[in-house]
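**Q** sequence plus predicted model, see below.
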Amino acid sequence: MDRRLTDALSRHPQINDWTVRRQRGHSVQIYLVGGAVENLRQVEREAYEVEVFNDHQADGTPRRGSATLPLSRADLDRLDPLLDDGALMASLVHSPPWSLPADGALPDVELADPRLGSVDAALTAARETADRIRELAAAEARHDVRLSSAELYINLVEEELANSRGVTASATGTRVMFELTLLARGADSESEYFGQGEARRLADLGIESTIADGAQLARDKLRAEMPATAVGPVVVSGEALAQMLGGTAVNSTGALLTQAAASTAYSKLSRLEIGRSVYGEAEPRGDALTVRANAQLPFGVASYRFDSDGVGAQDLLVIEDGILRARPATQRYGQYLGVPVTGRPGMMDLARGTTPMADLLDGDGPVCHVLAFSAPNVDVLTGDFGMEIRIGYERGPNGTRPLAGASVTGNLFQALADARFSSEARQYATTYGPAAMRFGALQITGRD
Amino acid sequence: MATSSPTLPAADAAAAAALRERFGFLEDIVREMERHVPYASALVQTRSGLRLDLRDGEQAVNRLDPQEGVVLTASDGHRLQEASGDQLDPTSVRRLADELLETVTRRPASDDEPTFEIHVDPTPLGDFATEVREDPRALSLADKLERYESMRLRMRGLDERAVQVICGYSDSELQEVFANRAGLTTQQIRRAHVGLVLFVSDGTRQEYTFALRDGTGGLEVTEMTDADLQATVDVAVQLLSATPMPPGTYDVVTDNGTSGVIAHEAFGHGMETDMFLKERARGAEYIGQKIGSDLVTIVDDPSLPGGYGSYFVDDEGQPAVRTEIMKDGVLQRGITDLYSATRLGLTRSANGRRESVQRKAYARMSNTFFERGTSTVDELLDSLDGIYLRRTENGMEDPKGWGMQLWNRYGLEYRGGKPTGRVFSPVAMTGYVPDVLRDISMVANDFGMDGGVCGKGWKEIVPVGSGGPHLRTRCTLA
């Protein structure tokens, strides 16, 4: 940590507490259009985020104000006016007091791909992976499937944190991101498969299976039909399940953990209460829902060693058998609510069920099986959702046919009351849990 | 909003001169790089600004991440290569340029890589700055806190069923310096935003809605009247008795924001020409063909005065101009970034945008909207047997399959042109884009724009505007 910064913070008379976060990152980015490299990029950035606290009285009440100051490296040469400004900002903000965490033992959490130990290694891996994507996609040409585009990011990140209570911590991690579009050509039309993935390790992206499965889905989409409007059983798996539960790059927390969080409860926006069913008025009729907020899951995208306050990673039981047991609570909101501080939630870790996925897809009548929605769209405050089927299948006694285009609507909390979970598990972005869930009855709106 | 040199106000002219003084060396670096590669450019960005978060029980104030940095672009005539760093002194930028050239020349493109030549308009562009009537920097933080906390509390006090009001305010200034062989251009883009999210409860049910004001400009774009606040409260209270939307196909009238999201999703994303190059956009095959009704004209315009997505020069040096994507129902052209326009041989539009210097430029929308028509809003509603769709929260598109989906906070039922009092919430709208555009039977003469952000897939977030007049069409709701 830059001593100029910590020294200046420590001696500032109006700054009562402080936290400094430093992040140094290198990124290698490759973009493919068709078989050609559109762009090869290398990015380097070092950034600081300083949070300063000022304790004062407002209306006769003790108050603590805070201000966050992201700093560039150049800002380190002109700290005094910036910290003066930050202290003034904090003195004008009147929030209830809370204290920073003190120094303590931090867990070791595996966050880095050993294969990506240097910028040169990342550059080599990115080039090799891009070549592999082109090879794999070219092999699908025999099925009239071709590569439209692909993007690959390899990020190496070093983090440091220090605060005025003596916490000093560091962590090293890697994050890899992958986006792929395949096109399938039919007799008189074309269709596309669009997939994306994020992981800590390159191997966890599953590029081979993504391309193979994506090629099949693109081909099937050529003959996909819009399902009829109906209320019925819906099996949601893979990317679609992560989109529903919220563990995606777009929304890393999702409705379940957002509603459970202490910060939401403090703002009086949580519908959930400790010791009460998370299903609301709905009668539980399916598998019991058990959810952990696990920041220690090895190589989890949302795992960490310490959060932005310096609180060490925990593995917290949040929902057990459909009952809210604990609220994920950051340092501030744990103190505000008087509940244990657990840190930022981390990965959403859901308990598996006992039913093989193949059995979830079985039934007397047709079952709608959704593999991907066009975009995640779950209201984290109400749980209401409405998402268009990007690709799915209708599976039933008369066979299997691909589906696309209709919307699936409902309320997540009510839907979970009547859901069965697969015995197979899968990690997708920030979610780890059942590979599939079968919801008893959801509204599908398609053909009249 | 748009002012450019030599008409810049004195303070903006001084800031532009300071940028030119500090970053004039970029022209030399571009010249040096172009001794080795056929095309080079440089872009420097710095941001400043403030964000407030005010709610019952706590407050927060944060400086915006300056994201200060430079990106250098080089092309060997086959691909682009870029290097980005966060140190802006001449020595560091020169070192970055040397490293980039080393990477470009060390691995020449293979024979099967495409070949292209990037054209640079030699006309120098000058300096630009957003016109601001009430400069956020002139208002102290204490006064800002008082102004927006007061606005929050005014809404909070309008109904006893309010359980929380969250006020988010931000002001920002983006300073950019772009250099290519035509010279140096600078722009100072100022944006302001305020959003009030109101939560109400009747003891058993909680609902919310929100009011937003934003644009390029100063604090003047964040003004909200008591009538605006009351209207938001009235909607939130109405939502406490809302019922789920009965699925089906309906005649609908869309409010300004909903119309804008239709424009954005229908023929915004699908006309971004990087999607043409990737063969992901079906619209590419329909240029010159009639897709929508005669009443439909869709425009993307980064020069729109006050638009949240407005700018003067895109992130690849192209001056902002209005682009008609669809005119009188006929698809006209796409909106371009440098690479796809060059590869496809298209005339460039000013739509090459980056989330930051750490990310590449893509073809992106700016302010996308339907042109206004001749009917009044009352005329659209007068004979409606269907749903008046309000307050779009988000949308998505499928440029290959031409599907789209919007997510609205609520819809009001109309019968015989009169509201029945029934409210549905939330409302998912789906449709096949050509059907929705072909079914547009009336276009109102009003006009409104909303600000927001837009991603490319799930990332690359940039500020955009979308809007237009009220529209009457037909679509599936659930």
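**A** Received the coordinates, thanks.
**Q** next structured bit after the longest strand anywhere in chain A?
**A** Across chain A, the longest stretch assigned as strand under DSSP state E is strand A:36-58. Reading on from strand A:36-58 to the C-terminus, the next helix or strand found by DSSP states H and E is strand A:61-71.
**Q** assign a three-state SS to the residue nearest to A:Ala121 when sequence neighbours are not counted, would you?
**A** Leaving aside its chain neighbours, A:Ala121 sits nearest to A:Arg115 (6.8 Å; criterion: C-beta to C-beta, 6 or more residues apart in numbering or on different chains). For glycine as for every other residue, the C-beta is placed from the backbone atoms N, C-alpha and C. What DSSP: H, G, I helix; E, B strand; the rest coil gives for A:Arg115 is helix.
**Q** can you tell me which residues contact A:Arg115?
**A** By C-beta atoms under 8 Å, 6 or more residues apart in numbering or on different chains, the contact set of A:Arg115 is A:121, A:125, A:201-203.
**Q** could you identify the buried members of those residues?
**A** A:121, A:125, A:201-202 (16 or more other C-beta atoms under 10 Å in any protein chain shown).
**Q** which residues does A:Ser170 form beta bridges with?
**A** A:Ser170 has the following beta-bridge partners by DSSP bridges: A:Glu160.
**Q** look up how far chain B lies from it.
**A** To chain B, A:Ser170 is 20 Å away according to C-beta to the nearest C-beta, to the nearest Å.
**Q** do the same with A:Thr210
**A** The gap separating A:Thr210 from chain B is 15 Å, by C-beta to the nearest C-beta.
**Q** if I've got this straight, that residue is in a helix?
**A** Yes. Counting by three-state DSSP, A:Thr210 is part of a helix.
**Q** what's the neighbour count on the closest residue to it other than its chain neighbours?
**A** With sequence-adjacent residues excluded and distances taken as C-beta to C-beta, 6+ apart, A:Thr210 is closest to A:Gly195, at 5.5 Å. A:Gly195 has 21 neighbouring residues, counting by other C-beta atoms under 10 Å in any protein chain shown.
**Q** tell me, how many residues neighbour the residue in the stretch 101-250 of chain B positioned nearest to chain A?
**A** Here the stretch 101-250 of chain B gets closest to chain A at one residue, B:Pro247, 4.0 Å apart by C-beta to the nearest C-beta. The local packing of B:Pro247 (other C-beta under 10 Å) involves 21 other residues.
**Q** go on, A:Gly334?
**A** As a burial measure, A:Gly334 scores 23 neighbours (other C-beta under 10 Å).
**Q** which strand or helix spans it?
**A** With DSSP H and E as the test, A:Gly334 turns up in helix A:331-337.
**Q** same for that helix, what does it pack against?
**A** Helices and strands touching helix A:331-337, by 3 or more C-beta pairs under 8 Å, 6 or more residues apart in numbering or on different chains; DSSP states H and E, are helix A:262-266.
**Q** let's see the helix it packs on as CSV, backbone CA atoms only.
**A** Below are the C-alpha coordinates for helix A:262-266, written out as CSV (Å, rounded to 0.1, in the frame of the first residue of the first chain):
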residue,chain,number,x,y,z
ALA,A,262,-29.4,-6.9,6.2
SER,A,263,-29.0,-3.8,4.0
THR,A,264,-32.4,-4.5,2.4
ALA,A,265,-34.0,-5.1,5.8
TYR,A,266,-32.5,-1.9,7.2
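**Q** pull up the pairing partners for the next helix or strand along the chain from that helix, direction included.
**A** Per DSSP H and E, the first helix or strand lying C-terminal to helix A:262-266 is strand A:291-294. Within its sheet, strand A:291-294 is paired with strand A:315-320 (antiparallel), strand A:347-350 (antiparallel), according to DSSP bridges.
**Q** one step back: give me the pLDDT for the residue nearest to A:Thr210.
**A** Looking at A:Gly195, its pLDDT reads 90.
**Q** one more: A:Val250?
**A** The model's pLDDT for A:Val250 equals 47.
**Q** how about stretch B:417-435: buried residues?
**A** Counting neighbours by 16+ other C-beta under 10 Å, one finds that the buried residues in stretch B:417-435 are B:423-434.
**Q** could I have it exported to PDB, CA atoms only?
**A** Presented in PDB, the C-alpha positions along stretch B:417-435 are these (Å, rounded to 0.1, in the frame of the first residue of the first chain):
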ATOM      1  CA  GLY B 417     -61.400   5.300 -24.800                       C
ATOM      2  CA  LYS B 418     -61.900   5.600 -21.100                       C
ATOM      3  CA  PRO B 419     -59.800   4.200 -18.200                       C
ATOM      4  CA  THR B 420     -61.700   1.500 -16.400                       C
ATOM      5  CA  GLY B 421     -59.700   2.000 -13.200                       C
ATOM      6  CA  ARG B 422     -58.100  -1.500 -13.500                       C
ATOM      7  CA  VAL B 423     -54.300  -1.500 -13.200                       C
ATOM      8  CA  PHE B 424     -52.000  -4.400 -14.200                       C
ATOM      9  CA  SER B 425     -48.500  -4.800 -12.800                       C
ATOM     10  CA  PRO B 426     -46.000  -5.800 -13.900                       C
ATOM     11  CA  VAL B 427     -46.500  -6.100 -17.600                       C
ATOM     12  CA  ALA B 428     -44.300  -8.100 -20.000                       C
ATOM     13  CA  MET B 429     -44.700  -7.000 -23.600                       C
ATOM     14  CA  THR B 430     -43.400  -9.300 -26.400                       C
ATOM     15  CA  GLY B 431     -43.700  -9.000 -30.100                       C
ATOM     16  CA  TYR B 432     -42.200  -9.700 -33.500                       C
ATOM     17  CA  VAL B 433     -40.500  -6.400 -34.400                       C
ATOM     18  CA  PRO B 434     -41.900  -6.100 -38.000                       C
ATOM     19  CA  ASP B 435     -45.400  -6.800 -36.700                       C
END
